[in-house]
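> Okay, predicted coordinates and the sequence, questions at the end:
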Amino acid sequence: MNADNSSEVPVPQVDQPAVLAAMELAMKWGQTPGGPEVLQMALGALEPQLKREHEALLRKLSMREKADNQRARAERERQQLQFRTTSLIVGAILSVAMLAAGVYVAKDAWWLACLLCGPSLISMAAITILRRHDKEAMRSVADAAKRATSAASQTQTP
C-alpha cells in the first residue's frame, strides 16, 4: 500500500507457497463438473472443521505459553533460592571469621576487637544473612559502635 491510495488491497506475490497451493486448488475445482457452486458447497462444509482446528491450535498455543511461563517462574525461584542460600552461607562464614579475628586480636588491639566483635558484626550479619538494612538500624549500630569503643577505651589499663 502506498500513502496516496490507502484503500488498495495488497496483492499477494505469486511465488509464495500458500498462494501457489490456493491457485492450484482453485484450478482443480474449476475443472470439476458443477463448477463454482460445488466449490462453494465444499468450502461451506470445510469452514466448521477449519474453525475447530483453529480453536484447537489456539488452546494448544495457550497451554504451551502457560507451561513456558511456569518453567520460567520455577527457574527464577530456583535461582533466587540458590542466591539466598549462598548469601546465608557467606554471611555465616564472614560472621564467624570476624568473631574469631576479634577474639584473636583482643589482647593486642582492643579497638580492633571492638570493631570486629561489636555492633558491626551484627549489622554485617543482618545485611548478608537477613538481607535487610534500615537507616534507623544503621544509625543505632553506629551509635552502639561509638559507645562500645569509648567504653572499651575507659576500661583499658595502661
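Nice, thanks for sending it over. Numbering: from 1, shown residues only.
> mind checking how far residue 83 is from residue 106?
The gap separating residue 83 from residue 106 is 34 Å, by Cβ to Cβ, to the nearest Å. Glycine gets a C-beta too; all of them are placed from N, C-alpha and C.
> between these two, which one's more packed in?
Legend: neighbour count by other Cβ atoms under 10 Å for residue 83 and residue 106, higher for residue 106 (15 against 11).
> Where does that one sit: helix, strand or coil?
Classification of residue 106 using DSSP: H, G, I helix; E, B strand; the rest coil returns coil.
> burial of residue 105, as a residue count?
The criterion is other Cβ under 10 Å. On that basis, residue 105 has 16 neighbouring residues.
> From here on, call the first residue 17.
Sure thing, new numbering starts at 17, so read that last one as residue 121.
> any weak-confidence spans in this structure?
Within the chain, the stretches with pLDDT under 70 are 17-32, 34-35, 45-46, 51-52, 55, 168-174.
> any idea which helix or strand carries the residue nearest the centre of it?
With distances taken as Cα atoms, centre = their mean, residue 92 lies nearest the centre of the chain, 5.3 Å away. Assessed by DSSP states H and E, residue 92 sits inside helix 52-120.
> Does that helix pack against any helices or strands, and if so which?
Helix 52-120 is packed against helix 33-47, helix 126-133, helix 135-144, with contacts defined by 3 or more Cβ pairs under 8 Å, 6 or more residues apart in numbering; DSSP states H and E.
> a markdown table for the ones you listed, including distance to residue 110 and mean neighbour count?
Rendered in a markdown table, the data for the helices and strands packed on helix 52-120 read as follows (distance: least, Cβ to Cβ, whole Å; neighbours: other Cβ atoms under 10 Å):
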| stretch | distance to residue 110 | mean neighbour count |
| --- | --- | --- |
| helix 33-47 | 64 | 11 |
| helix 126-133 | 11 | 18 |
| helix 135-144 | 6 | 17 |
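> Out of those, flag the one nearest residue 116.
In terms of Cβ to Cβ, the element of the helices and strands packed on helix 52-120 nearest to residue 116 is helix 126-133, at 8.9 Å.
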